[in-house]
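A.B. asks: would you be able to build a 3D model of this:
(chains A and B)
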2 protein chains.
Amino acid sequence: MNEFKPVRFVDLALEGQFWRERLETVLTRTIPSQHVQLGKHGILQSLTLPNRPPSFRDNGHDFVQLFWDSDVGKWIEAASYALSHRSDADMVARIEKIVDDLEKAQAPDGYLNCWYLQRDPDKRWTNLRDNHELYNLGHLLEGGIAYFVATGQRRLLCILERYVDHVRKTFGPNPGQKRGYCGHQEIELALVKLYRLTGERKHLDLAAYFINERGRQPHYFDQEAVARGESPQDFWVERFEYSQSHKPVREQTIVVGHAVRAMYMFSAMADLAAELNDDSLKKACELLWADVMSSKIYITSGLGPAGGNEGFTEAHDLPNDTAYAETCASVALIFWAHRMLHFDLDGRYADVMERALFNGALTGLSRDGRHYFYTNPLDSDGRHSRWAWHTCPCCTMNLSRLIASVGGYFVSASEDAIAFHLYGGISTNIQLAGANVFLRETSAYPLSGSIRIEVSPDAAAEFTVKLRIPGWAHEAKASVGGHVVDVTACTRNGYLVISRLWTRGDIIALDLPMAPERIYAHPLVKQDIGRVALKRGPLVYCVEEVDNPGSRVQQLKLPREAKIETVERGDLFDGVVTLTASAQRVEDQSWGDSLYRNAPPIASDYQLTALPYYLWNNRAKGSMQVWLLES
Amino acid sequence: MNEFKPVRFVDLALEGQFWRERLETVLTRTIPSQHVQLGKHGILQSLTLPNRPPSFRDNGHDFVQLFWDSDVGKWIEAASYALSHRSDADMVARIEKIVDDLEKAQAPDGYLNCWYLQRDPDKRWTNLRDNHELYNLGHLLEGGIAYFVATGQRRLLCILERYVDHVRKTFGPNPGQKRGYCGHQEIELALVKLYRLTGERKHLDLAAYFINERGRQPHYFDQEAVARGESPQDFWVERFEYSQSHKPVREQTIVVGHAVRAMYMFSAMADLAAELNDDSLKKACELLWADVMSSKIYITSGLGPAGGNEGFTEAHDLPNDTAYAETCASVALIFWAHRMLHFDLDGRYADVMERALFNGALTGLSRDGRHYFYTNPLDSDGRHSRWAWHTCPCCTMNLSRLIASVGGYFVSASEDAIAFHLYGGISTNIQLAGANVFLRETSAYPLSGSIRIEVSPDAAAEFTVKLRIPGWAHEAKASVGGHVVDVTACTRNGYLVISRLWTRGDIIALDLPMAPERIYAHPLVKQDIGRVALKRGPLVYCVEEVDNPGSRVQQLKLPREAKIETVERGDLFDGVVTLTASAQRVEDQSWGDSLYRNAPPIASDYQLTALPYYLWNNRAKGSMQVWLLES
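C.D. replies: Okay, the predicted model is just below:
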């Protein structure tokens, strides 16, 4: 179905300062420190059977995470991406130690879930609804694939292929098989990757089976509960919306439930739609996309306002201070958007992918590369802060695997065309229309929208270069070899299309003006009424107390007519553009002792400074706000 | 310590329309329907040992409420107050059936907790921290006292006195006794009532023991946990702040933890301070009061913003839409305020008592008398609605016992003075300075502040009449027999003091102007910045969608200069004064499909209507807001 394929991150060099810094941080600090944390918290030890790993406490209840295998899998994936960037014998040894443990732990029939194997080996596959076995396999498999691709080492992949074979025997529509699927979607994505790696159709079929079976009646999770001797009504979250298994996936039009599960499932649906030319799955994805984008996504691309279900609620319910907006959900939205983008190369999907990358996802990782946000409120009185680890560390390795492979989201190619989705300084060599073409995009994006692209085929060749014109960019300008291109006339579905005979050293100049913008939310988002957010280019801004000292930032009011100025701050975070404006501040010092009074508070003039949202909480604890009161 | 004593509700007639209607509703509809609900939910049956009552489910976990005995106790208390108003053989029969069950259930040594007796009789008194045994006794005892006072029937009281004797033997500082106290305070209040009824000092001493022991180190709840074989660190709420046992009560200056527990404890502390002339307890109460009032109370008198601990958080943390603000906490605040008021007859306490009564508490009961609010947000998008019952039905009977005895909060008397705290139409006969004085207060309060008081001693007598001048009342006017009284000059601690020779038929006229007011919150309450609330007299107002149709009320903006008009609406709820103003409404219809955009929404002129908060959600589901955006 898809004409364009992503250029892999291993085939592309990240040269720009912005991504170079993040990549280096993840490779040299985040991934190694995550291995230390996995050891410190008993997660690596949990693979060494039959030892019981140390227990954690949460609300007084003992528990060992059911999904630790997945954390190990995600770390292997991230570490393998690091190995794709540069060899590292120590990193390989750490992975090999894990592979040794997994090899020893694996049951003779291929089953390999360390939690069940060391506790209740006879109860395997008795609670797919809650217990994450296939989810764990999915992440391990993605790790195994990445490790094989990076190193050529196949042992881990073989272990997991044996496990997949066991799963294929266990699940299916035939007599003696279980008609089940995982409560937490993920295996489907991994199986598509395995299919793409091996070309073995059976893996694609198994992924399709899980997706097609989901939500069918009689409901597997009910049958399984009865088999366990439980009442189906005992389901702790009460409704199958939680795991998007309330109805068959093609009948789903409204996004519900756990946000990460939803995003992983939609990504798998898009994968299958592409691989199987399944228009019904594509259509379902498009309807679900429209539902999310029209009423259920924060301006930062955070998804899932509620902590109770870690997920979605009603349309337009987007509270700022209690926003759950799990980092993993924004990471997974990037996966989904990337897949949707490749159906028809529609720039609206790239717009969301970019917004999620710069705002929803990057926010999750501290500048030092060793502290994380799990939840991402848009308003904090200062109590919210990054943590060094979490009893559920899912987000940490989702960030490292994303950033370690971020190059893979920049560019896609067909036989005779190349499309730039993201900017920020990359170079690559690809085959286009029979020519070997060197491409180099140079820019300080996202700080500046001034972009230069060198297109150098080894011999003159006719092909198409597509340049994304972001939805936020007004009055974009472009030229090729100094000749102006009519951007408006030549833009289709969000991409400026330049088809010509290219010769060595051709230069495209693209200017995406980054004037500060005011953004308003739909009036049905009750929390944002009377409020305004600031944006510049792809970056959503916030006001943080460290830049606006003297009181909580919630006391700031931005007049509607106030001019927003940009300030280049080379001294801050390796360079950043801040926004400033003449604003007012509601004063608390002069208020007095009473909690309520008849006289309104006094407001004073105040010069407000806003910073890109993804950078907040990197200097000091303090209040933060995205949606400012507008006066 | 206290010069003034409340005039009991049985010695006073409620004659005004406002309270007459609420009282009738509670007597004829609420209390009988609560008995039906207690039966329907297995609560009455839980007293009939050894039958196991039906089980409830919550989050998939079976549980039968540990505190069902207390619900029965509160219902008996409310029903007994009803019997004090009028005899009712059927009601007596229902109570007698409960007494039969309790009599049969009681253990030979006096112990009487139905939950333990039918499940784990050997585990009694092993978990005071969590399991509410003394709390249950407290409410049963209050019920037994009320039933005895109403009917002279002593059987229930005798059963409970035997239980109290068992408790007195079990708890104390002597060898072989447990140095414990209840995780949920309540028994202390009940013991003071029993002391006041019987004059037996031992009951007061036991109440004082529990209060004095609380929070001492080594901590009883820790020792008890160890004795159960548990780790003290396993405490599910983690900190003893939850039950105000983190330090001795006299060292507590900051209000923390579960709001209802806090209010019950502070009420008991005030009782003990008064009975024992204990200035250290009074001082602690005053410091805690100051802390609550300066930063931890909603304008509606709701207490405890957080659902997690059903209680208090940081200073100025008063979120509107997620406000927990349990009805019970506002009811209990009335208890506390009433006790604080009687120390020095300081009108500030009566102001809070009145505000809690009209806004925090009354809100909890529907007009039909059969639906309840447990939590009381100040902002709802329409999802919040009254319920007919609740797995934790504590608030329902707290409302009925409060309203059935509300007359007891109106007036207090000393030997030669009478003080009016509340207005709304009452009459009473009391002895003042040797004369028998008939008093009749006539008003349409809280709809109108025009108050007429007839003071008729059977013979001319010199005594003092104190009339509360509410803190919200500006430019109050008064006259006696047509002669103007200088209110400002004659007001002390919030009470207009009129000392004179009174003769039959003397008339006091008091005018408390009820101009609509704008109220602003301290700028550290981040949720209320840029917002205004409306008040008139003691009533806090809200905008409700049913009066402001066409969109969510959150879309309304009230200009700071807009004039607020009053409208007498005799057609609505037996008469109510609404507020209207020329406002604006942010329009969602014309917004379009996108969730975010650059152009601000359009605002149109809109005539806003506000209704007293306590009346919301009585006509239709819909959005509601107390703190309006101010433009």
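
A.B. asks: what residues of the helix or strand containing residue A:33 count as buried?
C.D. replies: When elements are assigned from DSSP states H and E, residue A:33 belongs to helix A:31-40. Judged by neighbour count (16 or more other Cβ atoms under 10 Å in any protein chain shown), helix A:31-40 contains these buried residues: A:31, A:32, A:33, A:34, A:35, A:37, A:38. For the C-beta atoms, the positions are set from N, CA and C on the backbone; glycine is no exception.

A.B. asks: and the contacts of it?
C.D. replies: Residues outside helix A:31-40 that contact it (Cβ atoms under 8 Å, 6 or more residues apart in numbering or on different chains): A:43-45, A:71-72, A:75, A:78-79, A:82, A:91, A:94, A:369-370, A:388-389, A:393, A:396-397, A:400, A:404.

A.B. asks: average pLDDT across it?
C.D. replies: Mean per-residue pLDDT for helix A:31-40: 95.

A.B. asks: ok, and the closest non-adjacent residue to residue A:22?
C.D. replies: Distance criterion Cβ to Cβ, 6 or more residues apart in numbering or on different chains; nearest residue to residue A:22, sequence neighbours excluded, is residue A:403 at 5.4 Å.

A.B. asks: may I have the secondary structure class of that neighbour?
C.D. replies: What DSSP: H, G, I helix; E, B strand; the rest coil gives for residue A:403 is helix.

A.B. asks: next one: residue A:591
C.D. replies: coil.

A.B. asks: OK, contacts around it?
C.D. replies: Residue A:591 neighbours (Cβ under 8 Å, 6+ apart): A:597, A:601, B:522, B:523.

A.B. asks: please redo it, this time with the cut-off set to 10 Å
C.D. replies: Neighbouring residues of residue A:591 by Cβ atoms under 10 Å, 6 or more residues apart in numbering or on different chains: A:597, A:599, A:601, A:602, B:520, B:521, B:522, B:523, B:524.

A.B. asks: coming back round to it: drop anything exposed from the contacts of helix A:31-40.
C.D. replies: Neighbour-count burial (16+ other Cβ under 10 Å) is assigned, among the contacts of helix A:31-40, to A:43-45, A:71-72, A:75, A:78-79, A:82, A:91, A:94, A:369-370, A:389, A:393, A:396-397, A:400, A:404.

A.B. asks: you'd agree residue A:104 is in a helix?
C.D. replies: Yes - per three-state DSSP, residue A:104 lies within a helix segment.

A.B. asks: thought residue A:47 was touching it, still the case?
C.D. replies: Yes - in this structure residue A:104 lies within contact range of residue A:47 using Cβ atoms under 10 Å: 8.7 Å.

A.B. asks: who has more neighbours out of the two?
C.D. replies: With neighbours defined as other Cβ atoms under 10 Å in any protein chain shown, residue A:104 and residue A:47 compare such that residue A:47 has more, 24 against 10.

A.B. asks: quick one: low-confidence residue ranges for the stretch 151-300 of chain A.
C.D. replies: Within the stretch 151-300 of chain A, the ranges that satisfy pLDDT under 70 run A:238.

A.B. asks: name all residues that make contact with the closest residue to residue A:408 other than its chain neighbours.
C.D. replies: In space, residue A:408 comes closest to residue A:9 once its chain neighbours are excluded; the distance is 3.9 Å by Cβ to Cβ, 6+ apart. Residues near residue A:9 by Cβ under 10 Å, 6+ apart: A:23, A:81, A:84-85, A:404-410, A:426, A:428.

A.B. asks: JSON lines for those residues, including pLDDT?
C.D. replies: Below are those laid out as JSON lines (pLDDT from 0 to 100):
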{"residue": "A:23", "pLDDT": "98"}
{"residue": "A:81", "pLDDT": "98"}
{"residue": "A:84", "pLDDT": "97"}
{"residue": "A:85", "pLDDT": "97"}
{"residue": "A:404", "pLDDT": "98"}
{"residue": "A:405", "pLDDT": "98"}
{"residue": "A:406", "pLDDT": "98"}
{"residue": "A:407", "pLDDT": "98"}
{"residue": "A:408", "pLDDT": "98"}
{"residue": "A:409", "pLDDT": "98"}
{"residue": "A:410", "pLDDT": "98"}
{"residue": "A:426", "pLDDT": "98"}
{"residue": "A:428", "pLDDT": "98"}
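
A.B. asks: break chain A down into its domains, please.
C.D. replies: A:9-39+A:245-408, A:41-236, A:412-511, A:517-630 (automatic domain parsing).

A.B. asks: by mean pLDDT, show me the worst of those.
C.D. replies: domain A:41-236 (a mean of 92).

A.B. asks: which stretches in the stretch 351-500 of chain A count as helices?
C.D. replies: A:394-404, A:487-490 (DSSP state H, counting those that start in this stretch).

A.B. asks: let's see the helix or strand that contains residue A:18 as CSV, backbone CA atoms only.
C.D. replies: Using DSSP H and E, residue A:18 falls within helix A:17-25. C-alpha atoms of helix A:17-25 as CSV (Å, rounded to 0.1, in the frame of the first residue of the first chain):
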residue,chain,number,x,y,z
GLN,A,17,23.3,20.4,17.1
PHE,A,18,19.9,19.8,18.5
TRP,A,19,19.6,16.1,17.9
ARG,A,20,23.3,15.4,18.1
GLU,A,21,23.2,16.6,21.7
ARG,A,22,20.1,14.5,22.6
LEU,A,23,21.5,11.4,20.9
GLU,A,24,24.9,11.7,22.6
THR,A,25,23.2,12.1,26.0
